[in-house]
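Visitor: missing the sequence, but the structure's below:
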C-alpha cells in the first residue's frame, strides 16, 4: 500500500490550493483519511480528518477555511485550502487508517504519504 500526496506549491496570502492523496494497493477500505502539517522547527500537527461515514474534524485555526470533500473517486482524498495565510506554510502529509488485503487476510494499518510543500507568501 502506498499513499501519494500532491498539489502543494507557492500561493499568495488569501489564495487557494487543493491537495490530493491517492492510495494504491490492495485496499479494501479507507477508515479515516487525515492531513497533517509540519512547519520548520515545529511538531507535526493534525489539520483535518474525514471518517468513512463522512464526518469531519478540523484544527481550530483552519475551520471555515479548509475542507475535506468526500471524494467520489475510490481510494482518493483531498484537502481544499482557501483563504491561506502565511502561518499555513508547512509540509503537508496525508495519513490513512485503512484496511488492506494481505493474502487471504484483511489487515488494518496506518500509512503515511510523502509530504508536499505549501508556501504562503507574497
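Guide: Received the coordinates, thanks. These numbers were taken from a predicted model, which means no experiment stands behind them.

Visitor: give me the contacts around stretch 94-104.
Guide: Contacts to stretch 94-104, defined as CB atoms under 8 Å, 6 or more residues apart in numbering, come from residues 1, 3, 5, 19, 21, 23, 25-36, 77, 79, 106-113. C-beta: built from backbone N, CA, C; applies to glycine.

Visitor: got it, and stretch 114-122?
Guide: With CB under 8 Å, 6+ apart as the contact definition, stretch 114-122 has outside contacts at 3-13, 15, 17, 19, 37-38, 81, 84-93.

Visitor: show me which of the contacts of stretch 94-104 are buried.
Guide: When those are checked for burial by 16 or more other CB atoms under 10 Å, the buried set is 1, 3, 5, 19, 21, 23, 27, 30, 32-36, 77, 79, 111, 113.

Visitor: sorry, back to before: show the buried residues in the contacts of stretch 114-122.
Guide: Buried among the contacts of stretch 114-122 by 16+ other CB under 10 Å: 3, 5, 7-8, 11, 17, 19, 37, 81, 84, 88-93.

Visitor: for the residue nearest the centre of the chain, list each beta-bridge partner.
Guide: Central residue of the chain (CA atoms, centre = their mean): residue 35, 3.1 Å from the mean position. Beta bridges link residue 35 to residue 48, residue 94, judged by DSSP bridges.
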